[in-house]
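*Asks:* what shape does this take:
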Amino acid sequence: MSAPTQRPKVTEREARQVAEAAREQDWRKPSFAKELFLGRFRLDLIHPHPLPSDEDVRRGEAFLAKLRVFCETRIDGRLIEREARIPDEVVTGLKELGALGMKIDPKYGGLGLTQVYYNRALALVGSASPAIGALLSAHQSIGVPQPLKIFGTQEQRDTYLPRLATTDISAFLLTEPDVGSDPARLATTAVPDGDDAYVIDGVKLWTTNGVVADLLVVMARVPASPGHRGGITAFVVEADSPGVTVEHRNAFMGLRGLENGVTRFHGVRVPAENRIGPEGAGLKIALTTLNTGRLSLPAMCVGAGKWALKIAREWAAVREQWGKPVARHEAVGTKISFIAATTFALEAVVDLSSQMADEDRNDIRIEAALAKLYGSEMGCLIADELVQIRGGRGYETADSLAARGERAVPAEQLLRDLRINRIFEGSTEIMHLLIAREAVDAHLAVAGDIIDPEKSFGDKAKAGARAGGFYARWLPKLVAGQGQVPGAYREFGALATHLRYVERTSRKLARSTFYAMSRWQGRMELKQAFLGRIVDIGAELFAMSAACVRADLLRTTDDHGKEAYALADAFCRQSRLRVEELFGRLWANTDDLDRRVVDGVLAGRFEWLEAGVVDPSDDGPWIADATPGASTEENVHRKIP
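*Replies:* Predicted structure coming up:
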């Protein structure tokens, strides 16, 4: 039987405790990025650049060749944009091609592609239609296949993976109308109904693929009771189960073909064998799934960067102003240089992280998060610069350009489509906090009890002793290193100077983090702007490292080694300027002033500034009512044959 849903009332501390409990607590494998934040430049973890096996390359390249033909002959991106829907026959064709099973083992009917080739496939299909890229990514990166692969039982894999590899689309349902990145307040419930089932009630928002999905991963709260540990738990739910209603298909500024909706559960009975993992493990399953799942989003940003570079090159060479192509004007040329160098670096970050994920020798939770953060931010900047290079034509739609006889270049659509990436799968602000938490994990492991107000004096004393020993060994190592040795990393030739810079700056970053912890102690977690800059510096250092390692790989394995070195050099020089600016803003900023201004805004002291305009929005509620109960809306779920 179902029970009425009441949104949990939680304090800030309780919310943090829920998130902390879902984290992977141990570091059983080395992490290049984690070491980077600690001031240790472990180049040996990424160089020589790891490579896929010959068989992985053969299988991956064969599929990419088929997918390219499909993209060129079967996908009409302008039609999808115009009609805000992916045609059923296109989805059916993707199923027949095996695209639903790219990451699923061949023994279940999948293609068994590596993370590297899965990402390259997403970049390719996403360039034809970002909406299709999102559909395939949501299905395989965060939908049912990945959590079943890691946490599912053999029976669950045997039951669902063959369907998911060939015919069934999946979706991931976590967010609710009043719950985003604060899962402690999750209101959807899964109440035990005897020993063999649960009954789910609640409403889920922004369910990517939810409108057309056949199978759902649903996160719901199991109430604690005798025999039930309770907590947020993951379930596989058949989308056509009685009581499941897709009440609305959402529309967005971009990704107009995205099948994203609002799904209501009312008395939905789910067999106990559909539970993934134990009760209470739902958030850990979600976060672990995202460790590699996040790589799909920056992969599509790489594809966007490649297309933007192509358009910028072609357009800026033929468009003339004041007697020469606009590319020859420095104001435009710097933008083209940024697009080229940054696209090279983004591809380096994604390929390196993906290959490390395939080899499973390193813990890449920070690398994947940095790739998502950096890719989404830089992808948006690339798209914005392309629109600026194209001028008025960049702001004009592809259909309008075609209607008046010019090439239909969807630059403005690229900008709209990429904008969601700074929000999808963890907003930039949440990614800053998530990465910062992992980056300071070593500090909290030895000194966390010192700043915990609930710890006893004895616990604090023991923590102080541990911290003293740790810092006595660690801090002296931050004084000098290979970055100060003129001939260090000479095997990288002209790029050695950048690797020496990364090594020196990694130690400076670690010292800055230590100074901040010493200064603010328990208040450090409130310094979100400071932590964001720390993470952004780390992201730049990771990208510089990846770019140099990739350029060195191409020097020995490709015909474009010289050009790769030039791009890596340009990127590193641009990146170094950004890093120095971020360091300056660590201590010289307006953070305190900004907080006072925010206090004034919220108190209404600046309300007079809002005078002189009209508000075109209506007077509806800021957050839709999500009271559990039977649906009163038409079910807009549709099954693709």
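*Asks:* next, the buried residues of the helix or strand harbouring residue 314.
*Replies:* Assessed by DSSP states H and E, residue 314 sits inside helix 296-318. Neighbour counts over helix 296-318 (16 or more other CB atoms under 10 Å) mark 296-309, 311-312, 315-316 as buried. Any C-beta I mention is one placed from the backbone N, CA and C, and that applies to glycine too.
*Asks:* so residue 243 is in contact with residue 263, correct?
*Replies:* No. The criterion here is CB atoms under 8 Å, and residue 243 misses it with residue 263 at 10.7 Å.
*Asks:* circling back: the helix holding residue 314: what's the following helix or strand?
*Replies:* strand 320-321.
*Asks:* in its sheet, what does whichever helix or strand comes after that following strand sit against?
*Replies:* Once the chain leaves strand 320-321, the next helix or strand it forms, by DSSP H and E, is strand 324-325. Sheet pairing of strand 324-325 (DSSP bridges) gives strand 320-321 (antiparallel).
*Asks:* can you read off the pLDDT for residue 450?
*Replies:* Per-residue confidence (pLDDT) for residue 450: 65.
*Asks:* ok, the one 10 residues further on next?
*Replies:* Per-residue confidence (pLDDT) for residue 460: 67.
*Asks:* residue 324 too?
*Replies:* With respect to pLDDT, residue 324 has a value of 88.
*Asks:* neighbours of it, how many?
*Replies:* Close neighbours of residue 324, defined as other CB atoms under 10 Å, add up to 9.
*Asks:* identify the bridge partners of it.
*Replies:* residue 321.
*Asks:* any idea how far it lies from residue 406?
*Replies:* Distance of residue 324 to residue 406, computed by CB to CB, to the nearest Å: 21 Å.
*Asks:* same thing with residue 491?
*Replies:* Residue 491 is 49 Å from residue 406, by CB to CB.
*Asks:* can you pull the phi and psi angles for residue 220?
*Replies:* Dihedral angles of residue 220 (phi, psi; degrees, to the nearest 10) stand at phi -140, psi 150.
*Asks:* which SS class is the closest residue to it other than its chain neighbours?
*Replies:* Among residues not flanking residue 220 along the chain, residue 190 sits closest, at 3.8 Å (CB to CB, 6 or more residues apart in numbering). Three-state assignment for residue 190 (DSSP: H, G, I helix; E, B strand; the rest coil): strand.
*Asks:* where does the prediction get shaky in the stretch 451-600 of the chain?
*Replies:* By pLDDT under 70, the low-scoring segments of the stretch 451-600 of the chain are 451-454, 460, 463, 522.
*Asks:* where exactly do the helices run in it?
*Replies:* Under the criterion DSSP state H, counting those that start in this stretch, helices of the stretch 451-600 of the chain are mapped to 457-474, 496-520, 528-557, 561-587, 591-603.
*Asks:* would you list the ones you listed in a markdown table and tack on distance to residue 361?
*Replies:* Shown next, in a markdown table, are the helices of the stretch 451-600 of the chain (distance: least, CB to CB, whole Å):
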| stretch | distance to residue 361 |
| --- | --- |
| helix 457-474 | 25 |
| helix 496-520 | 21 |
| helix 528-557 | 15 |
| helix 561-587 | 24 |
| helix 591-603 | 39 |
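*Asks:* quick one: closest of those to residue 212.
*Replies:* Nearest to residue 212, of all those, is helix 528-557, at 34.5 Å by CB to CB.
*Asks:* which neighbouring elements make contact with that closest one?
*Replies:* Packing partners of helix 528-557 (3 or more CB pairs under 8 Å, 6 or more residues apart in numbering; DSSP states H and E): helix 32-37, helix 330-359, helix 365-390, helix 428-439, helix 496-520, helix 561-587, helix 591-603.
*Asks:* and the angle from that helix to helix 428-439?
*Replies:* Interaxial angle of helix 528-557 relative to helix 428-439 (axes from the mean of the first three to the mean of the last three CA atoms, to 10 degrees): 80 degrees.
*Asks:* on that earlier part again, relative to residue 435, which of the helices of the stretch 451-600 of the chain is closest?
*Replies:* Checked against CB to CB, the stretch from those lying closest is helix 528-557, at 4.7 Å.
*Asks:* show me where pLDDT drops low in the stretch 51-200 of the chain?
*Replies:* By pLDDT under 70, the low-scoring segments of the stretch 51-200 of the chain are 181.
*Asks:* residues contacting stretch 278-293, please?
*Replies:* 18-19, 21-24, 115, 141-142, 146-147, 150-151, 172, 174, 183, 219-220, 222, 228-234, 276-277, 357, 364-365, 368, 425-426 (CB atoms under 8 Å, 6 or more residues apart in numbering).
*Asks:* restricting to C-alpha, output it in PDB.
*Replies:* Backbone C-alpha positions of stretch 278-293 (Å, rounded to 0.1, in the frame of the first residue of the first chain) are rendered in PDB as follows:
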ATOM      1  CA  PRO A 278      20.500  -2.500  -1.300                       C
ATOM      2  CA  GLU A 279      18.100   0.000   0.200                       C
ATOM      3  CA  GLY A 280      19.800   3.300   0.900                       C
ATOM      4  CA  ALA A 281      22.400   2.900  -1.800                       C
ATOM      5  CA  GLY A 282      20.600   5.000  -4.500                       C
ATOM      6  CA  LEU A 283      22.700   8.200  -4.300                       C
ATOM      7  CA  LYS A 284      25.900   6.200  -4.200                       C
ATOM      8  CA  ILE A 285      24.800   4.400  -7.300                       C
ATOM      9  CA  ALA A 286      23.900   7.600  -9.000                       C
ATOM     10  CA  LEU A 287      27.200   9.300  -8.200                       C
ATOM     11  CA  THR A 288      29.300   6.200  -9.100                       C
ATOM     12  CA  THR A 289      27.400   6.000 -12.400                       C
ATOM     13  CA  LEU A 290      28.300   9.600 -13.100                       C
ATOM     14  CA  ASN A 291      32.000   9.100 -12.600                       C
ATOM     15  CA  THR A 292      32.300   8.000 -16.200                       C
ATOM     16  CA  GLY A 293      28.800   9.000 -17.400                       C
END
